[in-house]
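>>> Sharing a model prediction with you, sequence too.
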Amino acid sequence: MLYYDTLNSEEQISYLIKPIIEVLQEAGGQLDRSEIRDRISEKDEHIAEFEQKIYISSKTGNQYKKFDFKFNFAIKELDCVGIITYVKYNPKITLTQAGANIILDNFDVKTEVRDKAKEYWEEHSGKNKNKNQSEDNSDIKTDEDDSNTPTEEEIIDEFKVKLQSAIAKMSPAKFEQFSRALLTKMGVQFTSKSIQISNDGGIDGYGYHIDEDDFRTTRVVIQCKRFNTNSVSEPDINQFLGVMNKYQADYGVFITNSRFTNQAREAARAGTPITLIDGNDLIRLVIRYELFITPVTMYVLDEFYLDE
């Protein structure tokens, strides 16, 4: 059982508050939602495990990430109490001056965030009983609440869950093919001789990247690991470093649909440069390069149409 599954719903939200503030402070006060998710996952393996886990709705049978609901709730509460601010449909989260001044060692999440946010919700719901009680609470849903029309963010989250699940079901050979297709989109050139499928002593292929600005060609070695439960560990990275030296690679790319342990990330920074691409990175890159997906345009009404 995951550590997070031992916490109740309120504790799961509270656990995210300090890490969110911390990574925003470290970044100078502004990050995209996806960047915040990545950074708090890198800092805390309990969060990383929870962020990766997919649940099945008992009502609909649909897959979903419980983390998405808890994370969005934490973001909303931090906004309510004036620690962060954001604009609807804009992914950027900005730390307020009050948030920047917080000393986390002395910060009490319950009194400074949870209790104050509870007062906000109670006051707000009282003012809006006859107005659906919904506009500010639209992204504060229970884990399996499917009763309202989904927001754009919820639609994207649902797509990401489906994509993550589909990648996890790939065979090792198909995952290697998928990884090479992605790197090809990113400018790496492979040849038939450079492609090796598994049982290769730690390498899944190598290619060449040509920098169009200075015409410099670099040799790239890739390693792919498709895991459903395991994480990529420090020994995996150390083995890959040895193989990179054997092939005289300028740098390496290690791709997994899972995650890297903190020790693995530290090992990757210590030797020959290695680019680490985990499950969340994969999803963002698939979307950015539109790899085997079809983009769909969606329109939403501005407040102009909704105000009476």
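Arrived safely. Numbering: from 1, shown residues only.
>>> so where is the stretch 201-308 of the chain shaky, pLDDT-wise?
Residues of the stretch 201-308 of the chain meeting the criterion pLDDT under 70: 201-202, 213-214, 308.
>>> Let me see the ranges of the helices in it.
All helices of the stretch 201-308 of the chain, identified by DSSP state H, counting those that start in this stretch, fall at 234-246, 262-270, 279-289, 303-306.
>>> What is the burial count for Ala267?
20 (other C-beta atoms under 10 Å). (Each C-beta comes from the backbone N, C-alpha and C, glycine too.)
>>> Tell me how far it lies from Glu234.
In this view, Ala267 and Glu234 are 5 Å apart by C-beta to C-beta, to the nearest Å.
>>> follow-up on the earlier one: relative to Gln177, which of the helices of the stretch 201-308 of the chain is closest?
Comparing the helices of the stretch 201-308 of the chain against Gln177 with C-beta to C-beta, the closest turns out to be helix 279-289 (13.8 Å).
>>> Just the residues contacting that closest one, thanks.
Contacts with helix 279-289, where a contact means C-beta atoms under 8 Å, 6 or more residues apart in numbering, come from 34, 37-38, 41, 51-52, 160, 163-164, 167, 182, 185-186, 255-259, 277, 291-293.
>>> redo that, cut-off 10 Å
32, 34-35, 37-38, 41, 48, 51-52, 156, 159-161, 163-164, 167-168, 175, 178-179, 181-186, 227, 255-260, 275, 277, 291-293, 295 (C-beta atoms under 10 Å, 6 or more residues apart in numbering).
>>> how about it: buried residues?
279-283, 285-286 (16 or more other C-beta atoms under 10 Å).
>>> burial count for the residue lying closest to Lys43 once chain neighbours are set aside?
If the residues on either side of it in the chain are set aside, Lys43 comes closest to Pro19, at 5.9 Å by C-beta to C-beta, 6 or more residues apart in numbering. Using other C-beta under 10 Å, Pro19 has 19 other residues around it.
>>> circling back to that earlier point, among the contacts of helix 279-289, name the buried ones.
For the contacts of helix 279-289, buried by 16+ other C-beta under 10 Å: 35, 37-38, 41, 48, 51-52, 160-161, 163-164, 167-168, 175, 178-179, 182-183, 186, 255-260, 277.
>>> Next step: those residues restricted to helices.
Secondary structure defined by DSSP state H assigns 35, 37-38, 41, 48, 51-52, 160-161, 163-164, 167-168, 175, 178-179, 182-183 of these to helices.
>>> mind pulling up the phi and psi values for Ser233?
phi -110, psi 170 (degrees, to the nearest 10).
>>> ok, how many other residues are close to it?
Using other C-beta under 10 Å, the number of residues around Ser233 comes to 14.
>>> quick one: average pLDDT of whatever helix or strand the residue nearest to Lys43 lives in?
For Pro19, the host element (DSSP states H and E) is helix 9-26. In this model, helix 9-26 has a mean pLDDT of 95.
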